[in-house]
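Asker: Build the 3D model from these lines:
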Amino acid sequence: MKAGRRNLRRARDEGAVTLAEGEGIMQVLALRGSNVIEVMDGKGVKSLALFPAKFQKSFWIKNGSFVVVDASGRDEALESGSKIACVVSQVLFHDQVRALEKSDDWPAIFKSTPNEGSDAGTQGETAQVQIDEEANSDEDDDLPPLEANTNRNRPYELYSDSDSGSDS
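Answerer: Next comes the predicted model:
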């Protein structure tokens, strides 16, 4: 195993994440490209953050991932006209997120995030069931019957029944 991966495993196994002054937990909303990501903080404020190049080959993030961001110079950066307001200092692994959810450091706005995704899946399934029920209903009795598809080859048995009657 390479040294870089060993250090990642060690960082993941440490588990306990302590937030320094000016750091906060944010959720990744979108990957903008060129090491820039869009994040949302615990208050629901969206901003752009820089994903340092040193993390690029060792950490992979996607929409919905959680990161620790150094937002100490956020207000000054926004006042000076810079679009990038903060810098990612750590990417949180799944085990670290679960441990932080139980602590007081976890923002309340993120507590409902995983549940909303699972509810959306069940709502989509119930909507699909309702659509299927509507398709099976007898409301289409007023419509003319569908014509046979002439672009599809019919099996040989169907031809044999019609051909035997015409030969005799």
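Asker: just the helices in this protein please.
Answerer: Counting by DSSP state H, the chain has helices at residues 3-14, 74-79, 94-101, 113-136, 156-167.
Asker: ok, of the ones you listed, where does mean pLDDT dip lowest?
Answerer: Note on the helices of the chain: helix 113-136 shows the lowest mean pLDDT, a mean of 44.
Asker: Which pLDDT does the model give the closest residue in space to residue 70 that isn't next to it in sequence?
Answerer: Once flanking residues are discounted, residue 70 sits nearest to residue 89: 4.7 Å by CB to CB, 6 or more residues apart in numbering. For every residue, glycine as well, the C-beta is placed using N, CA and C. Looking at residue 89, its pLDDT reads 91.
Asker: and residue 100, how many residues sit next to it?
Answerer: 21 (other CB atoms under 10 Å).
Asker: Which pLDDT does the model give the nearest residue to it once chain neighbours are set aside?
Answerer: Spatial nearest neighbour of residue 100, excluding adjacent residues (CB to CB, 6+ apart): residue 106 at 4.9 Å. Looking at residue 106, its pLDDT reads 88.
Asker: need the longest strand for this protein.
Answerer: strand 23-33 (DSSP state E).
Asker: and the angle from it to helix 94-101?
Answerer: Angle, strand 23-33 to helix 94-101, by axes from the mean of the first three to the mean of the last three CA atoms, to 10 degrees: 140 degrees.
Asker: Note down every partner strand of strand 23-33 and its orientation.
Answerer: Strand 23-33 has the following sheet partners, assigned by DSSP bridges: strand 36-40 (antiparallel), strand 66-70 (antiparallel).
Asker: Out of those, which is the most enclosed?
Answerer: Among the strands paired with strand 23-33, ranked by average contacts under mean count of other CB atoms under 10 Å, first place goes to strand 66-70 (a mean of 23).
Asker: got a list of contacts for that strand?
Answerer: 17, 19-20, 22-28, 37, 39, 41, 49, 61, 86-92, 97, 110 (CB atoms under 8 Å, 6 or more residues apart in numbering).
Asker: Can you verify my assumption that residue 30 contacts residue 46?
Answerer: No - judged on CB atoms under 8 Å, residue 30 makes no contact with residue 46 at a distance of 9.3 Å.
Asker: Overlap of the contact sets of the two?
Answerer: Common neighbours of residue 30 and residue 46 (CB under 8 Å, 6+ apart) are residue 38.
Asker: what number of residues lie near residue 109?
Answerer: 13.
Asker: okay, it: pLDDT?
Answerer: For residue 109, the predicted pLDDT is 89.
Asker: Likewise for the one 3 residues further on?
Answerer: Each residue has a pLDDT score; the one for residue 112 is 66.
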